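> what's the 3D shape of this:
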Amino acid sequence: MTRYGDIRRAKELTDALEKLRAWEDKTVKEKRALYKAQRGSSVRVKVNRTKGYVESFQLVGRIYLPVKLLSDSQTGSNATTLANTVREAVQADGRTVAVGFTLPTGGVLLDNMTGYRPARLSLTDRGAEVADSKSRITDLEYKRYDNKSVSSPFGSKNTGGETYAAAVAEISDIAAIKAFAQQEGNRVAFIPEVI
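Numbering: from 1, shown residues only. This next block holds a predicted model:
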């Protein structure tokens, strides 16, 4: 059985459905133009990346896989602060290493593995509430913030043999990450390694 409230919303939802269908009929170029127009003055965090390696959590032995790491030369105040917080957290205890690092005895660089996705730390800094918060698809109002996100891969620490769960616990316990997570609306996320 349906509730009367759902029935009363039928016209509103029918209008939204018609707008959704009209959106689906637009070309990719038209959709991108509408997205850019709505985004307005919001600026994405553009980070500088550099080549590096992380040690796998799941592969047996000291296996190092290539990744793109956050560079220590970031530009822009917001990008610099957020990117450096992430970079310093994942670099702790050698969880990321630069190209040309000293390979431990028995270690292997596995440069051509396909389908590998490293574990990642992601920080999302909640920005100010955006004034124009209508959906560009349905034209319905919703709350939206000018968020900034930065993520970086990480692996097992330099002693090797660290589990993913242990790495997440240690990174979560870093003072800068704890302070970041305590700010209202900020989010800390960990994405596990995929082999």
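
> what residues go with each domain of this protein?
1-39, 45-191 (automatic domain parsing).

> Is Ser156 in contact with Ala167, as I believe?
Yes - using Cβ atoms under 8 Å, Ser156 is in contact with Ala167, at 6.7 Å. Any C-beta I mention is one placed from the backbone N, CA and C, and that applies to glycine too.

> Identify the contacts common to the two.
57, 95 (Cβ atoms under 8 Å, 6 or more residues apart in numbering).

> Same drill for those two, tell me which one is more crowded.
Ser156 (26 against 23; other Cβ atoms under 10 Å).

> Show the contacting residues for that one.
Per Cβ under 8 Å, 6+ apart, neighbours of Ser156: 54-57, 95, 162, 167.

> Would you format these as TSV with pLDDT included?
What follows is these, written out as TSV (pLDDT from 0 to 100):
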residue	pLDDT
Val54	96
Glu55	95
Ser56	94
Phe57	94
Arg95	95
Glu162	93
Ala167	96
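
> Could you tell me which of the residues you listed belong to helices?
Ala167 (DSSP state H).

> Nearest to Lys148 among the contacts of Ser156?
Closest to Lys148 out of the contacts of Ser156 is Arg95 (22.9 Å), distances taken as Cβ to Cβ.

> Just to check, that closest one is in contact with Thr159?
No - Arg95 lies out of contact with Thr159 (Cβ under 8 Å); the separation is 10.6 Å.

> Do you have the strands of this structure handy? List them.
49-55, 63-70, 97-98, 108-109, 119-125, 148-154, 187-191 (DSSP state E).

> Show me what counts as buried in the longest one.
Going back to what we said before, that points to strand 63-70. Of the residues in strand 63-70, 63-67, 69-70 count as buried by neighbour count, 16 or more other Cβ atoms under 10 Å.

> number of nearby residues for Thr14?
So Thr14, with other Cβ under 10 Å, has 10 neighbours.

> low-confidence ranges in the protein?
Applying pLDDT under 70 to the chain flags residues 1-3, 38-44, 76-79.

> run the last query once more with 80
Applying pLDDT under 80 to the chain flags residues 1-12, 35-45, 74-80, 130-142, 144.

> most neighbours per residue, which of the domains of the chain?
domain 45-191 (a mean of 16; mean count of other Cβ atoms under 10 Å).

> Can you measure across it, start residue to end residue?
20 Å (Cα to Cα, to the nearest Å).

> If anything else comes up later, I'll come back, but that's it for now.
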